[in-house]
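Engineer: here is a sequence with its predicted model. Questions after.
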Amino acid sequence: MLIVMNHSASQSDVDAVSEIVREMGFRAEPIPGSERTAIGVLGNHGYVDDTKILDLPGVQRVIHVSKPYKLVSRDFHPENTIVDVAGIKVGQGCRPVVVGGPCAVESEEQIIKTALFVRKCGGDMLRGGAFKPRTGPHCFQGLREEGLKLLAKAGKESGLPIVTEVMSPDNVGLVAEYADLLQVGARNMQNFDLLRELGKIRKPVLLKRGMSATVEEFLAAAEYILAEGNEQVILCERGIRTYETATRNTLDLSVVPLIKEMSHLPIMVDPSHATGKRSLVSPMAKAALVSGADGVLVEVHPEPEKALSDGPQSLTFPGFEQLMCEIKQLTKFLGYC
Ligand code: PEP
Ligand code: MN
């Protein structure tokens, strides 16, 4: 439930309403807005009788939210959330961000070379998996902590914040020591213990949409992180599984404007995992930005033909450079500052 206060409600009106909510056995979360304050009511399972609340001074109206998510919804928080990743602002609406890097960290040379190139082309963050969620156990599983160290070194040398995946709740502390943005992969979107653990840290999280997740399930997964107190969450559409097999997944770009209506959280798009095909990555990255995405996440590798994972969908260095040029022109055209 959401309690919307009048423009003129005072702090003591807000405190008094919050107190009553707590007396009713729920949590009250005041959300100050530029025009008015709203108070989120949390911890209720089902309909809450609002008669007592509607009568209190300063209360304008009560919205009953029957969705499995509240904290992530726009009803609850009308202004866009801006996520700060080591100084890079995601969701500011000023400029889309580009995250580039290989699927996996493979060697010091590979990751440093890529980091410097991404930086040179104007990329904002460096990605690279150290813990890899591979479909089969015989595939390269990532360099684990060694990979985190190499990624951190590449981040330092290039000046780029680093993004990397965390797969288990036990590793959240370790990955958070190195990463500026912790990624939850599609396969772990509903690993609720992992989400809860990420809610307790003070670093931003990139939550990818599960390959069979509905929008409601996606937002409910984000809610787990916010419910533990971490509001720094970026959503990421990376394609869903459909009957179509010509592409690795089906990029559901309509969720970008849809999620912008439903939620205040920023949303990025990963056209690499969505398409699985190098030639489709740049067109879909640009389409994502036109649809209003706050940024794109693309795989780039110095020698994709030798990549230990996802080579066929990784951009070459010239391909990435070309995309960055096109993105610069596109963002001007789209009226970004
Ligand atoms: C990745 O980004 O490296 C990855 C494995 O992506 P996804 O979880 O979207 O498949
Ligand atoms: Mn990959």
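Structural biologist: Received it, and whenever you're ready, just let me know what you need. Ligands and ions are numbered 1, 2, ... in the order given.

Engineer: got phi/psi on the residue nearest to the spatial centre of the chain?
Structural biologist: Closest residue to the average C-alpha location of the chain: Ile234 at 2.0 Å, with CA atoms, centre = their mean. In terms of degrees, to the nearest 10, the main-chain angles of Ile234 are phi -110, psi 130.

Engineer: ok, what's across the strand from it?
Structural biologist: Leu206 (DSSP bridges).

Engineer: quick check, it in contact with Lys208.
Structural biologist: No: assessed by CB atoms under 8 Å, Ile234 is found out of contact with Lys208, at 9.7 Å. Heads up, the C-betas are built off the backbone N, CA and C, glycines and all.

Engineer: and this protein, which residues reach ligand 2?
Structural biologist: By the rule CB under 5 Å from the ion, the part of the chain lying against ligand 2 is 103, 310.

Engineer: what's the neighbour count on Glu78?
Structural biologist: Slight slip there: residue 78 is Pro, not Glu. For Pro78, the count of nearby residues is 14 (other CB atoms under 10 Å).

Engineer: which SSE is it in?
Structural biologist: Here Pro78, judged by DSSP states H and E, is contained in no helix and no strand.

Engineer: what residues are up against it?
Structural biologist: Applying CB atoms under 8 Å, 6 or more residues apart in numbering to Pro78 gives the contacts 33, 264.

Engineer: which residue, other than its chain neighbours, is closest to the residue of the stretch 1-150 of the chain found nearest ligand 2?
Structural biologist: At 3.2 Å from ligand 2, Cys103 is the closest residue in the stretch 1-150 of the chain, using CB to the ion. Closest residue in space to Cys103, ignoring its immediate chain neighbours: Asp310 at 3.7 Å, by CB to CB, 6 or more residues apart in numbering.

Engineer: show me the contacts for the one you found.
Structural biologist: Neighbours of Asp310 in contact, by CB under 8 Å, 6+ apart: 103-104, 272-273, 299.

Engineer: now the one helix or strand Val4 maps to: average pLDDT?
Structural biologist: Per DSSP H and E, Val4 falls inside strand 2-5. For strand 2-5, mean pLDDT is 93.

Engineer: ditto for stretch 309-328
Structural biologist: 98.

Engineer: over to stretch 85-93?
Structural biologist: 95.

Engineer: buried residues in that stretch?
Structural biologist: 85, 88-92 (16 or more other CB atoms under 10 Å).

Engineer: enumerate the residues of the chain near ligand 1.
Structural biologist: Residues of the chain lying near ligand 1 by CB under 6 Å from any ligand atom: 103, 129, 133, 185-187, 208, 238, 270, 273.

Engineer: and the helices in the chain?
Structural biologist: Secondary structure of the chain (DSSP state H): helices at 11-23, 51-54, 108-120, 145-158, 172-178, 192-199, 215-227, 255-262, 271-275, 278-290, 317-333.

Engineer: show me the domain layout of the protein.
Structural biologist: Listed by automatic domain parsing, the domain ranges of the chain are 2-63, 83-333.

Engineer: out of the ones you listed, which is closest to Ser73?
Structural biologist: domain 83-333 (6.0 Å; CB to CB).

Engineer: start to end distance for that closest one?
Structural biologist: 24 Å (CA to CA, to the nearest Å).

Engineer: how far off centre is that domain?
Structural biologist: In terms of CA atoms, centre = their mean, to the nearest Å, the gap separating the centre of domain 83-333 from the centre of its chain is 8 Å.

Engineer: make 26 the first number, not 1, from now on.
Structural biologist: Let's use 26 as the start, then, which means that last one is domain 108-358.

Engineer: for ligand 1, what's the nearest residue on the stretch 176-325 of the chain?
Structural biologist: Residue of the stretch 176-325 of the chain nearest ligand 1, by CB to the nearest ligand atom: Gly210 (2.9 Å).

Engineer: what sits against that residue?
Structural biologist: Gly210 makes contact with 158, 190, 192, 233, according to CB under 8 Å, 6+ apart.

Engineer: related to what we said a few turns ago, hmm, which of the residues of the chain next to ligand 1 are the buried ones?
Structural biologist: Neighbour counting by 16+ other CB under 10 Å classes 128, 154, 210-211, 233, 263, 295, 298 among these as buried.

Engineer: nearest to ligand 2, of these?
Structural biologist: Distances from ligand 2 to these, taken by CB to the ion, are shortest for Cys128, at 3.2 Å.

Engineer: can you list the weak-confidence ranges in the protein?
Structural biologist: Under the criterion pLDDT under 70, the flagged ranges of the chain are 362.

Engineer: tell me, how many residues neighbour the closest residue to Val321 other than its chain neighbours?
Structural biologist: Nearest non-adjacent residue to Val321, counting by CB to CB, 6+ apart: Ala310, 4.5 Å away. Ala310: 28 surrounding residues under other CB under 10 Å.

Engineer: picking up where we left off before, can you verify my assumption that the residue of the stretch 26-175 of the chain closest to ligand 2 contacts Ser334?
Structural biologist: Yes: using CB under 8 Å, Cys128 makes contact with Ser334 at a distance of 4.5 Å.

Engineer: overlap of the contact sets of the two?
Structural biologist: Common neighbours of Cys128 and Ser334, counting by CB under 8 Å, 6+ apart, are 154, 157.
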